[in-house]
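Participant: Have a look at this prediction, sequence included:
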Amino acid sequence: MSALNGDLSSNFGGLNVNAAVFVPSWAQSSDSPAVPPQPSSNGEHVNGARETPPDDWDKMDEEEESGGGSAVALSDRNTEENKDNETGQKQTIVPTATGDRETPAEDVDEDIDDTPSEPVVKKKTSKPSLESEEVESPNKEHLNLVFVGHVDAGKSTLGGQIMYLTGEVDQRTLEKYQRDAKEQNRESWALSWALDTNKEEREKGKTVDVGRASFATDAKTFTILDAPGHRSYVPNMIGGAAQADVAILVISARKGEFETGFEKGGQTREHTMLIKTAGVKYLVVAINKMDDPTVDWSVERYEEIVNKLTPFLKKSGFNPKKDVHFMPISGLTGTFIKTMPDPNPFPHYQGPALLTYLDELPKVLRMSGPLRLPVAGKYKDMGVVICGKIESGFINKSRSELVMMPSRKDVSVMNIFADKEETDNAYTGENVEVKLKGIEEEEISNGFILCDKSDVCHVCKKFEAQIHIVDYDSIICPGFACMMHCHTAIEEVVFKSFIAGIDKKTGKRTSTKPRFVRQDEIVVAVLQASRPVCLEMFSQFPQMGRFTLRSNDRTIAMGRVERLASKNSAKDTNADSNAKGGNADN
């Protein structure tokens, strides 16, 4: 007994009392058996002390993920240095944005709840990144532009004017649009028909689906995403914003039109919040219709709009000095779009023109790693064609080891189309159409992810997230259901429980669990989707880790994924992914 006490004393004496607080992993190590911890006689875990939730997930330094797809995916934070159980040496776990993951443990059946599990130290396994493969990069940088704003602000007309000025729409086609529009007594709609292509949109003068087009300048290539402005089609708008790198917020300078869009419930406000949630960094505020007789290039009207918008943009998360550029334009006449006019009808603005500004934007940082292509649309054309933006990795016709998640359906590439032209390769950031072999159209839904077979994305139904309630009149309690929009996926989710509140002054978690949450409050909650959905942790893959919550045709909250949990087998995932799910707002 004395010898045992001596050993214990020596061991405790060697502890580092100044070490950082240990934050345990929520995933089972791949090289350890998947056996639940055994309780001791006094009811506590013998493997270690119980965990206390971290205070501030914004300041975490390290993260890790367990396997992807239908295997168990349970992710959380680790401390910078953990002691190896076998060698006693410290190892540093450094996550990267290249999609590297550890080998998942088999048959682990864990879940996210309020009760923390025992600490498990995991070993980082190395995995080659696609960065090491020798592929040619595109000659020009590609940017995805989304046009947003209130209905009738002139978004489609601006897009059509850009296509005409860059040569994508020739004079003969424009004259045909003008003749057809004149027959309907809608001469001013002619340019918008370059993007509003279906009969319903042209008859009503209202964009319904996200219009797509492309153009090029000397420095860059662009994909136009013309989002609908009517509040009934906000889900479609979110799908377009999820693919964008730069947003152009189109504002009508006409008396009354700006006020209608900017007041509470107007789409100017909602669209601004949604594009920031979607990860758009650069925003161009194009104050349109400055040539209208009610405005007549008025400096007072321009300054009034700028002064009203600036505080709201700052509140929405944009830096008006670095991320936002205000400019006057006329989408109908093309003034200030391609070149600076001479003479200048608005000397208060000295440039640059819109296309010049877009060319001079800093290069957008892209994710590197395995292929991630969220499906934004699909159709049949001698095969199944999917369209969407490549969020990471690259794709070419010679690669056949691909899989569609979450259904885990093996597919191969037949053709790749970028800007309507067939190509052999497509790279991160490009908006492409891919013809696939080995899958049927009804087996694909928006929100599915085309992945590398060797490194698939995570699939889960339950996850922990930090959520900011931005607009809700009542309180939200566990059991509240709403629609989640994450990348191009739309799924119904339910609040299962609240883990902690977030102090807005310190950014740290509160010590008590809230029973409900109100508008303008931030909470850490556990959400459960109606069926498996492809997600990633925000800190490792922002584009697949941020989401928007909507209810009753209103955007009520914005959030980001903190941890993931999944315990579906491949069979369950296949079955659930084919089940019916909500595709509209509650």
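Facilitator: Now that the structure is in, tell me what you want to look at.

Participant: mind checking the SS state of residue 261?
Facilitator: Under DSSP: H, G, I helix; E, B strand; the rest coil, the three-state class of residue 261 is helix.

Participant: quick one, phi psi at the residue nearest to it when sequence neighbours are not counted?
Facilitator: Once flanking residues are discounted, residue 261 sits nearest to residue 150: 2.9 Å by CB to CB, 6 or more residues apart in numbering. Placement of C-beta: from N, CA and C, glycine included. When read as degrees, to the nearest 10, the backbone of residue 150 gives phi -70, psi 160.

Participant: could we number from 164 for the rest of this?
Facilitator: Taking 164 as the first residue, the last one we looked at is residue 313.

Participant: and residue 313, how many residues sit next to it?
Facilitator: 26 (other CB atoms under 10 Å).

Participant: That one against residue 429, yeah?
Facilitator: Yes. With contacts counted by CB atoms under 8 Å, residue 313 reaches residue 429, the gap being 5.6 Å.

Participant: Between those two, which contacts overlap?
Facilitator: Contact with both residue 313 and residue 429 is made by residues residue 423, according to CB atoms under 8 Å, 6 or more residues apart in numbering.

Participant: for the stretch 414-563 of the chain, which spans come out with low pLDDT?
Facilitator: The model of the stretch 414-563 of the chain has no residue with pLDDT under 70.

Participant: What segments of it are helices?
Facilitator: 420-425, 430-440, 462-479, 517-522 (DSSP state H, counting those that start in this stretch).

Participant: other SSEs contacting the third one?
Facilitator: Yep, that's helix 462-479 we're talking about. helix 420-425, helix 430-440, strand 445-451, strand 487-491 (3 or more CB pairs under 8 Å, 6 or more residues apart in numbering; DSSP states H and E).

Participant: helices and strands around the longest one, which ones?
Facilitator: Using 3+ CB pairs under 8 Å, 6+ apart as the contact criterion, the neighbours of helix 430-440 among helices and strands are strand 304-311, helix 397-404, strand 409-415, helix 420-425, helix 462-479, strand 709-714, strand 717-728.

Participant: Mean neighbour count and distance to residue 374 for those - can I get that in JSON lines?
Facilitator: Shown next, in JSON lines, are the helices and strands packed on helix 430-440 (neighbours: other CB atoms under 10 Å; distance: least, CB to CB, whole Å):
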{"stretch": "strand 304-311", "mean neighbour count": "25", "distance to residue 374": "9"}
{"stretch": "helix 397-404", "mean neighbour count": "24", "distance to residue 374": "9"}
{"stretch": "strand 409-415", "mean neighbour count": "26", "distance to residue 374": "13"}
{"stretch": "helix 420-425", "mean neighbour count": "20", "distance to residue 374": "20"}
{"stretch": "helix 462-479", "mean neighbour count": "15", "distance to residue 374": "25"}
{"stretch": "strand 709-714", "mean neighbour count": "24", "distance to residue 374": "21"}
{"stretch": "strand 717-728", "mean neighbour count": "23", "distance to residue 374": "22"}
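
Participant: quick one: which of the helices of the stretch 414-563 of the chain is nearest residue 561?
Facilitator: Nearest to residue 561 among these is helix 517-522 (32.8 Å), distances taken as CB to CB.

Participant: Off-centre distance for that closest one?
Facilitator: How far helix 517-522 lies from its chain's middle: 24 Å, per CA atoms, centre = their mean, to the nearest Å.

Participant: likewise stretch 468-478?
Facilitator: 24 Å.

Participant: next one: stretch 671-687
Facilitator: With CA atoms, centre = their mean, you get 24 Å for stretch 671-687.

Participant: Show the end-to-end separation of it, please.
Facilitator: 11 Å (CA to CA, to the nearest Å).

Participant: Could you give the average pLDDT over that stretch?
Facilitator: Across stretch 671-687, pLDDT averages out at 91.

Participant: one step back: adding distance to residue 667, write the helices of the stretch 414-563 of the chain out as a markdown table.
Facilitator: As requested, those are exported to a markdown table (distance: least, CB to CB, whole Å):
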| stretch | distance to residue 667 |
| --- | --- |
| helix 420-425 | 25 |
| helix 430-440 | 17 |
| helix 462-479 | 13 |
| helix 517-522 | 34 |
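
Participant: residue ranges with poor pLDDT in this structure?
Facilitator: 164-301, 361, 363-368, 729-749.

Participant: Format the helices and strands packed on helix 430-440 as JSON lines; extra columns: distance to residue 595.
Facilitator: Output for these, formatted as JSON lines (distance: least, CB to CB, whole Å):
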{"stretch": "strand 304-311", "distance to residue 595": "10"}
{"stretch": "helix 397-404", "distance to residue 595": "15"}
{"stretch": "strand 409-415", "distance to residue 595": "18"}
{"stretch": "helix 420-425", "distance to residue 595": "33"}
{"stretch": "helix 462-479", "distance to residue 595": "30"}
{"stretch": "strand 709-714", "distance to residue 595": "22"}
{"stretch": "strand 717-728", "distance to residue 595": "26"}
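
Participant: Quickly note the distance from the residue nearest to residue 502 when sequence neighbours are not counted to residue 347.
Facilitator: Take residue 502 and drop its neighbours on the chain: the residue closest to it by CB to CB, 6+ apart is residue 516, 5.4 Å away. For residue 516, the distance to residue 347 equals 32 Å [CB to CB, to the nearest Å].

Participant: Between these two, which has more neighbouring residues?
Facilitator: Set residue 516 next to residue 347 and count neighbours by other CB under 10 Å: residue 516 wins out with 19 against 11.

Participant: Run through the residues that contact that one.
Facilitator: Contacts of residue 516 (CB under 8 Å, 6+ apart): 499, 500, 501, 502, 503.

Participant: So which of those is surrounded by the most neighbours?
Facilitator: Result: residue 499 is most packed of these (other CB under 10 Å), 27 neighbours.

Participant: give the contact list for that residue.
Facilitator: Residue 499 neighbours (CB under 8 Å, 6+ apart): 490, 491, 492, 493, 509, 512, 516, 517.

Participant: Redo those as JSON lines? Include distance to residue 329.
Facilitator: Below are these laid out as JSON lines (distance: CB to CB, whole Å):
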{"residue": "490", "distance to residue 329": "18"}
{"residue": "491", "distance to residue 329": "20"}
{"residue": "492", "distance to residue 329": "15"}
{"residue": "493", "distance to residue 329": "17"}
{"residue": "509", "distance to residue 329": "23"}
{"residue": "512", "distance to residue 329": "22"}
{"residue": "516", "distance to residue 329": "12"}
{"residue": "517", "distance to residue 329": "11"}
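
Participant: Looking at these, which one is closest to residue 640?
Facilitator: Distances from residue 640 to the contacts of residue 499, taken by CB to CB, are shortest for residue 490, at 45.2 Å.

Participant: wait, residue 318 sits on residue 310?
Facilitator: Yes. Using CB under 8 Å, residue 318 is in contact with residue 310, at 4.1 Å.

Participant: Report the set of residues contacting both of these two.
Facilitator: Here residue 318 and residue 310 have 389, 390, 411, 413 as joint contacts, going by CB under 8 Å, 6+ apart.

Participant: thinking again about what came up before, identify whichever of the helices of the stretch 414-563 of the chain lies nearest to residue 404.
Facilitator: Nearest of these (CB to CB): helix 430-440, 5.0 Å.
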